[in-house]
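Q: Build the 3D model from these lines:
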Amino acid sequence: MTDAITPLPNLWHVYNLRESPYFQATLGGEPDRYPLSLFVGRRAEAKRLLETIGSSGSSRQAVAGAPGVGKTTLVQSVKSDALRAGYWATDRLVSFYPEDTTDAVLGRLLSGLYEAILTARPTAAGNPAMEAAQQLVRVSRLESGGASLTMLGVGGGFSRGMSVVTPAGAMLLDGPRIVRDLLALAKSGGARGVVLHLNNLENLSERHAKHAAEILRSLRDTVLLQEGLHLVLAGTTDAVTTVIGTHPQVRHVFSTPIALEPMAIRDVQSLLQARCHHLAVNGRKTAVPPVAPKAVAELYPLFRGDLRALFKVLEEGAMLLMGVLGKPGLSIPFSELEPALRARYAAVVGHIDSRRQRQLRAWALKNPAAVHTQKSLVQLWKVSQPAVSGAVAALEQDGFVVALTRRGADPTRYALSGVSRLVFG
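A: As a prediction, the model looks like this:
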């Protein structure tokens, strides 16, 4: 006889919530769990993207901004609006990866088209163009893991460790023709066009972004300009500028990138309010925000618009304090949250190299809100340029320093992350 399994308590329930409202997943990735109806703000940017899609037979646009500012969610929302306007799309993303080849990117574009058509018209699977796409694209698993494109209607996620494998030269030879045939199939099925979302550019270094620029240039005439195809590319400002601006042939066919600024705090509060309402266990009762809105407003400026980083901190803070304060179901105020977070992240900082700790402390003692270049950090830390370069790379990798958007040809500027400012500020 087996013992009955006792379910673990869900502490979010004391706030009338099914789960954390501070999730960092992209909206639309799990439509039933995190629907795009939770999207808040960015109406002007969404309107501009949709108007560009609707104004011509094909289009190429880009959305640029700092990590975590909401680029991917904006494009996912735009695709949803485009679907209602008669375009076909898939909620999956077509990603760029550092070591990509032209074949691999073309294969993912082809797969995105296939999935968009199959989603809108499941009966199209037997069409000759669809069968040709299936024959051309084969997926093989390699050793690394990663992201998110379902290939050719076959279940499972498309990971960074999956590459498009075809007979030598077949993808570049036949791929553009099959893309054209798939777009014609979509049009004959009543679609006004197909919208694809190119993502993941913020994971590319400058060198890899230049490589991605070469790939787009090689695909410009054969794929990007095909009638009926609408591409929206999203990434950090530096990556988007490099990928689109390196070659005139690419720059001239892309619209001026939309630059996303950090959301206003009122929109952040509205966003969290919408999430709490959606996640309410009992819809007849108000869901209580675990962290008080005033505490969110105090923390938000530290993170320079990075919602992912902010929500991660809010979630960790709430998990630390839920059931500890003796007032279950009441929002956690900043006076309780800030010292708990400071202690939590001070312990994390305490595990990194002692030299890095001293460098962070020196930065914060001088001015925690200061923005530095590597040149100014040479003076602050009294070390060589190579030593600064290595230190900044390590601290950025560990999440204690963030690189800010470059201004033209100016050197990269760096700032302490929100976590660092909680510890040292």
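Q: can you count the residues close to the closest residue to Ser77 other than its chain neighbours?
A: In space, and not counting its chain neighbours, Ser77 is closest to Phe39: 4.5 Å by C-beta to C-beta, 6 or more residues apart in numbering. For glycine as for every other residue, the C-beta is placed from the backbone atoms N, C-alpha and C. Counted by other C-beta atoms under 10 Å, the residues lying close to Phe39 total 21.
Q: what's the answer for the one 3 residues further on, then?
A: Neighbourhood size, Arg42 [other C-beta under 10 Å]: 21.
Q: Now for it: which residues touch it?
A: Shown in contact with Arg42 (C-beta atoms under 8 Å, 6 or more residues apart in numbering): 70, 74, 77, 260, 263.
Q: rerun that using 10 Å as the cut-off
A: 49, 63, 69-71, 73-74, 77-78, 258, 260, 263, 267 (C-beta atoms under 10 Å, 6 or more residues apart in numbering).
Q: Please, where are all the helices along the stretch 101-250 of the chain?
A: 102-120, 128-136, 170-188, 206-219, 237-245, 248-251 (DSSP state H, counting those that start in this stretch).
Q: Show the pLDDT at the residue nearest the centre of the chain.
A: By C-alpha atoms, centre = their mean, the chain has its centre lying nearest to Thr72, at 4.7 Å. For Thr72, the model assigns a pLDDT of 90.
Q: Start the count at 21 instead of 1 going forward.
A: Okay, using 21 as the starting number, the last item reads as Thr92.
Q: Would you mind measuring from it to Ala279?
A: Counting by C-beta to C-beta, to the nearest Å, the gap from Thr92 to Ala279 is 15 Å.
Q: ok, back up a step: ok, the residue nearest to Ser97 touching Lys99?
A: No: at 11.4 Å, Phe59 does not count as touching Lys99 under the criterion of C-beta atoms under 10 Å.
Q: and after the helix or strand where Thr93 lies, which helix or strand comes next?
A: If you go by DSSP states H and E, Thr93 is part of helix 91-104. The element immediately downstream of helix 91-104 (helix or strand, assigned by DSSP H and E) is strand 108-109.
Q: Do a quick rundown of the strands in this protein.
A: Using DSSP state E, the strands of the chain run over 79-84, 108-109, 114-115, 158-161, 182-185, 214-219, 249-255, 278-279, 421-423, 434-436.
Q: Quick one: residues contacting the residue nearest to His33 when sequence neighbours are not counted.
A: Ranked by C-beta to C-beta, 6+ apart and with sequence neighbours excluded, the top spatial neighbour of His33 is Val301, at 6.1 Å. Val301 sits next to 30, 32-33, 35-39, 307 when contact means C-beta under 10 Å, 6+ apart.
Q: neighbour-wise, which of the residues you listed leads?
A: The most crowded member of the contacts of Val301, judged by other C-beta under 10 Å, is Tyr35 (26 neighbours).
Q: check contacts around the nearest residue to it once chain neighbours are set aside.
A: Spatial nearest neighbour of Tyr35, chain neighbours left out: Val308 (4.4 Å); criterion: C-beta to C-beta, 6+ apart. Val308 makes contact with 34-37, 296, 300, 348-351, according to C-beta under 10 Å, 6+ apart.
Q: Would you check how far apart Leu357 and Arg441 are?
A: From Leu357 to Arg441 the distance is 14 Å (C-beta to C-beta).
Q: Ala384 now?
A: Distance check for Ala384 against Arg441: by C-beta to C-beta, it reads 8 Å.
Q: For the two, work out which one has more neighbours and name it.
A: Arg441 (20 against 17).
Q: Retrieve the pLDDT associated with the more buried one.
A: Value for Arg441, per-residue pLDDT: 95.
Q: hang on, it packs against Val369?
A: No: the pair Arg441 and Val369 does not pass the contact test of C-beta under 10 Å, sitting 11.7 Å apart.
Q: export the contacts of Arg62 to TSV and tack on distance to Ala109 and neighbour count?
A: Below are the contacts of Arg62 laid out as TSV (distance: C-beta to C-beta, whole Å; neighbours: other C-beta atoms under 10 Å):
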residue	distance to Ala109	neighbour count
Leu69	12	27
Val83	15	28
Val89	22	24
Gly90	19	29
Lys91	17	29
Thr93	15	24
Leu94	14	23
Ser97	11	24
Val98	9	28
Ile278	18	22
Leu280	20	19
Met283	24	19
Asp287	25	14
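Q: any idea of the angle the helix holding Thr93 forms with strand 214-219?
A: Taking axes from the mean of the first three to the mean of the last three C-alpha atoms, to 10 degrees, helix 91-104 and strand 214-219 form an angle of 180 degrees between their directions.
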